[in-house]
Structures are given as structure tokens and as C-alpha cells.
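Peer 1: Next input, structure requested:
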Amino acid sequence: MQTNLPLYPDGLNKSLAALIETKVQQAEKLDVTALLQRVQAHVTEARQAAQDNPMVHVALAEAIEKSYITLHSTWESLPAHVQPWLKGAMLYFSEPEDDEPDFESPIGFEDDVEILNACLKMAKLEQFCLNPEDYD
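Peer 2: Numbers count the residues shown, from 1 in each chain. Purely as a prediction, here's the structure:
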């Protein structure tokens, strides 16, 4: 069964929009707590990858993780139409090979921030949006 997605996050290019839509469908049956655990495991992998490649942007990965922890703690109060998108964003973040490989480039997490920010704006939570330059 596919989720009917009445609204879509704004501001994503076609490639990212298609990727996040796929992740929303894949994350549909996943529990948000399990997704948070994947997010946390991915940040642990980023820390380990940074030992071999100092270009891995661990600070940005940790900021994204912190955002997802905050969202998880208030999950039930989030608008229902945004929850599938945030679950998809968590799944997208937790996979190292996405639009920009996370562990190979200093901008590897910027696509993850774009998706997170688009979902936060959709939820009217702009105050939690991240600016990657703040973590350089």
C-alpha cells in the first residue's frame, strides 16, 4: 500500500525530489525509532570514515542527527502530512550512497540538509533549518 502524499516539500531539484519520494515509499512501514537508530549508526560511520578521510563533514552530520533526535522527541505533535516525508528524509540520510556520497566529499551531507530543510519548512519548523556553512 502506498501512502497518498498530498503535499510535497518545496525547493528541491528534480533529482532530489525523485529520490526523497522513493525514500518516503521505502520508509512507509519502518518505525520512526528504528529510523533514528539508522541515523545514529550513520553518524557513527561518518566519525569512523573521518579517521581515514578528514574531508568527511562530521560536524554537519552530527547537526543533522541532533535535528532528527529533536524531531523524534516531538514526533506525535508533528503534522501528519509531514511525518512520511521526515521518515523518508531519515532513511535518505542514513544511506551513505545518495545524491552526494557522504563519506567522499566535504559537501557529502549538503544534499541531506537540503532534504531535511525542505521537510522542516513543510512542517513550518523553519527555526530548525540548518545552514551547512555554520558547521565549517
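Peer 1: C-alpha from now on. contacts and neighbour counts both.
Peer 2: Will do.
Peer 1: hang on, Asp99 packs against Phe109?
Peer 2: No - in this structure, Asp99 is not within contact of Phe109 by CA atoms under 8 Å, at 9.4 Å.
Peer 1: between these two, who's got more neighbours?
Peer 2: Neighbours around Asp99 and Phe109, counted as other CA atoms under 10 Å, are more numerous at Phe109. The numbers are 26 against 15.
Peer 1: And that one, how close does it get to Leu19?
Peer 2: Note on Phe109: its distance to Leu19, by CA to CA, to the nearest Å, is 15 Å.
Peer 1: I'd like the mean pLDDT over stretch 8-17, please.
Peer 2: Mean pLDDT, stretch 8-17: 88.
Peer 1: what's in contact with that stretch?
Peer 2: Stretch 8-17 is contacted from outside by 99, 111, 114-115, 118-119, 121-122, using CA atoms under 8 Å, 6 or more residues apart in numbering.
Peer 1: Drop anything exposed from the residues you listed.
Peer 2: Neighbour counting by 16 or more other CA atoms under 10 Å classes 111, 114-115, 118-119, 121-122 among these as buried.
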